[in-house]
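Enquirer: Kindly generate the corresponding structure for this input.
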Amino acid sequence: PMLSLSNAFDKNDMGDFLKKVKNFLNLKDNDIELFSEPKIDGISASLIYENGVLTRGLSRGDGITGEDILANLKTIKEIPNKIKDKNIPRILEIRGEVYIGKKDFKIINKNFANPRNAAGGSLRQKDYRETAKIPLRFFAYGFGIMEPMSFKTQSQFTQSLKKWGFIVNENNKVLKSLEQIELHQ
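Expert: Numbering: from 1, shown residues only. Take a look at the predicted model:
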């Protein structure tokens, strides 16, 4: 499932979240590492690679069942059709966000209400050639299925995403405390 992210609106919400994680994992205060990055409001997409070859591309859909949008995703230059690395997991599901940058949206905005609607509508086009005319972008931020699992931290995984040719949000950061979270916002 590709579930929605939960929100934390203030320091207390974040403190409650950290407490739940630490209790669930039975960790001490300084044993947790968080990976922080800004949220980009686009359309979630899941890319499935088998032995390094892109074989499926799905939208989030209802969170359980997504739409097959592989042909449209293949029009986005930031999505590699093949990952050239001998150490890639046999099955690798990359999760990321499809979006339209502000400058690009200003050029096409007469057809759409906002950038998120433009990205969503473009990915639902029946003809991938029409989708290719829209300046869609993609950045990777996570994974779903991975066989075999080969990462211990999100920061390690993110470094591999870059090595595999994916764009990641450069404003990400490893944090270790609530105070660091407050400073990084």
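Enquirer: all contacts plus neighbour counts: C-alpha atoms, from now on.
Expert: OK.
Enquirer: residues near G165, how many?
Expert: Applying other Cα atoms under 10 Å, we find 14 residues neighbouring G165.
Enquirer: Now do the phi/psi pair for it.
Expert: phi 100, psi 10 (degrees, to the nearest 10).
Enquirer: Does the residue nearest to it when sequence neighbours are not counted belong to a helix, a strand or coil?
Expert: Closest residue to G165 apart from its sequence neighbours, by Cα to Cα, 6 or more residues apart in numbering: P80 at 6.8 Å. Under DSSP: H, G, I helix; E, B strand; the rest coil, P80 falls in the coil class.
Enquirer: Would you mind measuring from P80 to S59?
Expert: Look at P80 and S59: by Cα to Cα, to the nearest Å, they are 17 Å apart.
Enquirer: Same drill for these two, tell me which one is more crowded.
Expert: S59 (25 against 18).
Enquirer: Who is the more buried one paired with across the strands?
Expert: A45 (DSSP bridges).
Enquirer: Doesn't T55 belong to a helix?
Expert: No - counting by three-state DSSP, T55 falls outside a helix, being strand.
Enquirer: Let me see the confidence value for it.
Expert: If you check T55, the pLDDT there is 98.
Enquirer: In a strand, D41, correct?
Expert: No - using three-state DSSP, the assignment for D41 is coil, not a strand.
Enquirer: Surely it is in contact with N114?
Expert: No - applying Cα atoms under 8 Å, one finds D41 not in contact with N114, separated by 10.6 Å.
Enquirer: Between the two, tell me which one has more neighbours.
Expert: Higher neighbour count among D41 and N114: N114, with 15 against 12, using other Cα under 10 Å.
Enquirer: which residues are in contact with the helix or strand where V21 lies?
Expert: Assigned by DSSP states H and E, V21 falls within helix 11-25. The contact list for helix 11-25, computed with Cα atoms under 8 Å, 6 or more residues apart in numbering, reads 8, 28-29, 32, 178, 182.
Enquirer: Now the two most distant members of those.
Expert: Taking Cα to Cα as the measure, these span a maximum distance of 21.6 Å, between A8 and K28.
Enquirer: longest single strand anywhere in the chain?
Expert: strand 137-147 (DSSP state E).
Enquirer: Tell me which residues touch L136, please.
Expert: Here L136 is in contact with 76, 98-101, 119 (Cα under 8 Å, 6+ apart).
Enquirer: filter the residues you listed to the buried ones?
Expert: 76, 98-100, 119 (16 or more other Cα atoms under 10 Å).
Enquirer: quick one on the thing from earlier: wait, the residue nearest to G165 sits on I167?
Expert: No - in this structure, P80 is not within contact of I167 by Cα under 8 Å, at 10.2 Å.
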